[in-house]
Structures are given as structure tokens and as C-alpha cells.
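Engineer: Only the shape, not the letters, is given here:
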Ligand SMILES: Cc1cc2nc3c(=O)[nH]c(=O)nc-3n(C[C@H](O)[C@H](O)[C@H](O)COP(=O)(O)OP(=O)(O)OC[C@H]3O[C@@H](n4cnc5c(N)ncnc54)[C@H](O)[C@@H]3O)c2cc1C
């Protein structure tokens with residue numbers, strides 16, 4: 001490898017930044033270039049729907065990388081630059097400003113972008129949430145006297161709803177499915193979250209189709225299939241995200257619900273790896289089923305693993321999928337993959353907190369989902385994650401009671 005080409009990482013988000021740091025921590029000695037199309041240095045996204053909206057004081061971004069770290073780790077960050085094409089045979093990356101950069105190895109960490117409403121009227125009051133700039137635009141509506149509409153009862157929509165409501169705004173959540181959190185969250189947990197929102201004054205309307213949206217510079221009107229017309233000051237659209245695959249498609253990489261990688265996070269083209277929200281990968285814990293995760297810890301862990309493999313290791317990614325969400329005073333956590341129709345055992349933890357254990361056909365623990373105030377479910381969820389990783393068949397009665405989950409972990413030989 002020549003010393004001046006090195007590794008280029010496209011996408012300066014959580015995953016790309018972690019990979020860059022990890023390369024240096026692992027002793028990588030050649031150049032590392034981190035390219036991002038945002039103007040900002042890499043920052044954390046989870047606070048965007050929580051603290052950034054909730055705090056009355058001017059928000060500060062939580063940086064993943066700052067100038068000091070960039071300097072100390074000799075990482076070159078090129079901001080406000082979009083990578084537009086890869087010449088995979090010449091191993092060159094083109095930027096939209098005309099620059100062309102040679103690489104030895106390339107890591108794509110291009111993340112995901114909010115799914116847009118088709119045919120939505122143009123208007124400054126229909127907002128999406130992915131970036132710090134999106135969050136700052138939304139912040140001005142987080143106050144008493146405002147009516148905030150949220151389209152989509154998924155995690156981001158519900159976190160925005162909780163933040164807006166906590167800041168005194170009137171909030172209406174509109175979900176076309178018959179319940180919120182339909183994707184990957186069991187019904188009892190969705191019921192708890194619905195009740196939590198309603199207790200706090202949020203209106204949750206499920207099972208209604210949106211027939212039309214009208215917007216001008218000051219208001220948005222949403223016409224629903226049940227006859228309601230809801231006028232709001234701002235409409236936040238949270239109807240899911242799509243992997244950013246434009247660059248990978250242009251380069252001819254295999255795509256399958258995101259950039260398709262193998263268990264070592266290698267794409268279909270030699271010397272190009274992908275990680276984080278943008279890629280789908282086969283998971284050994286779920287029979288090699290291809291997953292694409294939009295989760296903070298996955299972005300971190302895959303960035304770290306990709307860095308090791310870019311340096312010649314051949315590690316397989318097998319971390320238990322994990323996601324958390326904070327809404328009002330409650331935290332919801334999911335470990336593993338929740339499929340409907342599986343056997344479920346419920347453990348009560350007091351104060352309305354509970355965990356559901358999801359078992360497969362061979363009674364192996366494959367997922368756990370918990371909800372409760374504060375960090376009530378945290379300890380048992382951590383242990384559940386370890387049990388899932390160890391592919392344990394726990395006794396049902398031990399799961400249902402308050403028996404120690406730690407005692408179910410296989411003892412080291
Ligand atoms: C509002 C919000 C709240 C969240 N809360 C939680 C939470 O509570 N718990 C949890 O587990 N997860 C949460 N997440 C998810 C978590 O933040 C993401 O999974 C994580 O940020 C993914 O990291 P990534 O690096 O893969 O992608 P991203 O963070 O999206 O970074 C990708 C970067 O690449 C850039 N890019 C894309 N294409 C190009 C190109 N061609 N050239 C240059 N740059 C490019 C993008 O602009 C972006 O800056 C939340 C996400 C959001 C948006």
C-alpha cells in the first residue's frame with residue numbers, strides 16, 4: 001500500500017467517525033480522509049429528538065469528533081463535500097466539486113435519509129428530522145400556544161411528540177396503521193407508550209388515512225379519512241428512513257435493502273466496505289437473515305469492526321441488535337429482533353415496567369423488549385442481551401418470575 005492514498009471514509013456521521021478513530025487506535029499509519037456532505041463536524045443524532053428539543057437553553061451539539069481529536073488522530077475531514085462517483089477499477093473517488101481522490105480502501109457510511117411524503121405541498125412548515133439543522137428549525141415550534149402535528153407513530157415521531165408536549169405545545173400524532181410502533185415493537189409495549197402519551201395530553205389517532213395536506217407559510221391542514229381536518233402550526237413527518245445508496249448504485253455495488261455486505265461488512269466490490277444505517281448484512285444469530293439496522297450502537301460497533309477488517313482482519317459482525325428510545329420519563333429498549341407470532345413470556349418489574357422475552361421454535365431466547373420509567377428495565381435488558389448472544393434456552397418459569405437472569409447465563413468452562 002502506498003502511504004499517500006490510504007483509506008477514505010464517505011459519510012461523516014456516527015459510524016464513519018468511529019471507524020476513523022478506531023483505525024488510528026488500531027495503529028493504522030497511512031492517510032485517513034473522512035468526507036461528509038454536512039457542514040458540521042460529526043455529531044450525535046439521538047439528542048436531536050430529545051435534549052435539543054427539550055432544553056429551553058440554547059442547545060449544544062454533542063460532537064463525535066472535534067478539531068482537537070482530528071488533529072491528534074491525523075484525520076483529514078472534508079466537510080460540505082458530497083462524494084458523487086467511484087471508479088472501482090482505478091480506485092478513485094470523485095467529489096461533486098470536481099476533486100478526484102485516489103484510495104487504497106474505501107468505507108461507505110452514508111447513513112439514511114427520512115422518507116419523504118409524496119406530493120406534499122411545498123411549505124416551510126412541513127419538517128423532517130435527521131440533522132442538527134432540522135432539529136434547530138423544529139425547536140422554534142416547541143412551546144405553549146403551538147399545535148405540533150406528527151405524521152407517523154414510529155420512534156422519531158413519538159420522541160418529537162413527547163418533547164413538544166413537555167415544552168407545553170399541543171400535540172397530535174397521526175398513524176395510518178391500527179397502532180403505533182408497528183415495526184419491530186410488540187403490541188403490549190406500544191399500548192404502554194400510547195397510554196403514556198395520552199396521560200401527558202398527546203392526542204394519538206391510529207388507523208386513519210391522510211386524504212390531503214394543505215400548507216401555506218403559517219399553517220398546515222391535514223384532512224383525515226375519519227372526517228377530521230386538523231390545523232397545525234407545524235407538521236413533523238416521521239414515516240421512516242431510506243438507506244442512502246446513491247453512490248453505491250452509481251458504482252455498481254450490490255444493493256439489497258441498503259448496500260449489501262457480507263458478515264465482514266465487505267461489499268460486492270473488493271476493497272470497498274460499508275457499515276451503519278446504509279447497509280444490510282447477514283446476521284448469524286438469526287440464521288443468516290439479512291438485517292438493516294437504524295440504531296446508534298450498531299453504527300458504533302460496525303464502524304469499529306469495519307476499521308479492523310479494513311486493516312486486514314476478518315472479523316464477523318454478530319452483535320445483538322440493540323435500540324433504545326426515551327419518551328417523557330420512560331425508556332423503551334429492544335434487544336434482538338422481535339418477530340410477531342413468536343412465544344412471549346412477560347416479567348413484571350414494578351411501577352408498570354415490564355420485559356417481554358421472545359422465544360423461537362426451539363425455545364431459544366431471540367429477543368427481549370422492555371419499557372418502564374427511568375432505567376427500571378436497564379439491568380435486566382443488559383442481561384437479556386447477553387442471554388440472546390449466548391443462544392440460551394432459558395426455563396420459562398425463571399423468565400416469568402423475578403429469578404436472577406444472571407444465574408441463567410452459561411458458566412465459563
Ligand atoms: C433524530 C434521531 C434520533 C435518534 N435516536 C436514537 C436513539 O434514541 N437510539 C438509537 O439507538 N438510535 C437513534 N437514532 C439512530 C442513530 O442516530 C443512527 O442509527 C446513527 O446516526 C447512524 O449512523 P451512520 O453513521 O450510519 O449514519 P448517519 O449518522 O446518518 O451519517 C451518515 C452521514 O453521511 C453523509 N452522507 C451520505 N451520503 C454522502 C455522500 N455521498 N457524500 C458525503 N457525505 C454523505 C450524511 O449526510 C450523514 O452526515 C436516532 C436518529 C435520529 C435521526
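Structural biologist: Received the coordinates, thanks. Keep in mind that what you see is a predicted model, and the values were worked out from it rather than measured.
Engineer: The helix ranked longest in the chain: which residues count as buried?
Structural biologist: Secondary structure of the chain per DSSP state H: the longest helix is helix 296-310. Within helix 296-310, the residues scored as buried using 16 or more other C-beta atoms under 10 Å are 296, 298-310. C-beta: built from backbone N, CA, C; applies to glycine.
Engineer: and the ligand, which of those residues contact it?
Structural biologist: With C-beta under 6 Å from any ligand atom as the criterion, the buried residues of helix 296-310 include 296, 299 near the ligand.
Engineer: mind putting the buried residues of helix 296-310 in JSON lines, distance to residue 192 included?
Structural biologist: Below are the buried residues of helix 296-310 laid out as JSON lines (distance: C-beta to C-beta, whole Å):
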{"residue": "296", "distance to residue 192": "22"}
{"residue": "298", "distance to residue 192": "24"}
{"residue": "299", "distance to residue 192": "27"}
{"residue": "300", "distance to residue 192": "28"}
{"residue": "301", "distance to residue 192": "28"}
{"residue": "302", "distance to residue 192": "30"}
{"residue": "303", "distance to residue 192": "33"}
{"residue": "304", "distance to residue 192": "33"}
{"residue": "305", "distance to residue 192": "34"}
{"residue": "306", "distance to residue 192": "36"}
{"residue": "307", "distance to residue 192": "38"}
{"residue": "308", "distance to residue 192": "39"}
{"residue": "309", "distance to residue 192": "40"}
{"residue": "310", "distance to residue 192": "42"}
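Engineer: what's near enough to touch the closest residue to residue 103 other than its chain neighbours?
Structural biologist: Nearest residue to residue 103, sequence neighbours excluded (C-beta to C-beta, 6 or more residues apart in numbering): residue 8, at 4.4 Å. By C-beta atoms under 8 Å, 6 or more residues apart in numbering, residue 8 lies in contact with 33, 35, 93, 101, 103, 105, 106, 107.
Engineer: Residue 263 now?
Structural biologist: So residue 263 contacts 281, 282, 284, 316, 317, 318 (C-beta under 8 Å, 6+ apart).
Engineer: at 7 Å instead, please
Structural biologist: 281, 282, 284, 316, 317 (C-beta atoms under 7 Å, 6 or more residues apart in numbering).
Engineer: Let me know the secondary structure of it.
Structural biologist: On the three-state scheme (DSSP: H, G, I helix; E, B strand; the rest coil), residue 263 is labelled coil.
Engineer: now do the one 5 residues further on
Structural biologist: The local conformation at residue 268, judged by three-state DSSP, is coil.
Engineer: helix or strand right after the helix or strand hosting residue 387?
Structural biologist: Residue 387 is located in helix 378-389, with elements delineated by DSSP states H and E. The helix or strand immediately downstream of helix 378-389 is helix 396-400, counting by DSSP H and E.
Engineer: who's in contact with that next one?
Structural biologist: Contacts for helix 396-400 (C-beta under 7 Å, 6+ apart): 345, 346, 347, 357, 408.
Engineer: which two in these are spaced the farthest apart?
Structural biologist: Of all pairs drawn from the contacts of helix 396-400, the widest gap by C-beta to C-beta lies between 346 and 408 and measures 16.4 Å.
Engineer: So between the two, which is more surrounded?
Structural biologist: Neighbour tally, residue 346 and residue 408, criterion other C-beta atoms under 10 Å: the higher count belongs to residue 408, 19 against 12.
Engineer: Counting neighbours, what do you get for the residue lying closest to the more buried one once chain neighbours are set aside?
Structural biologist: Once flanking residues are discounted, residue 408 sits nearest to residue 394: 4.8 Å by C-beta to C-beta, 6+ apart. When neighbours are defined as other C-beta under 10 Å, residue 394 has 21 of them.
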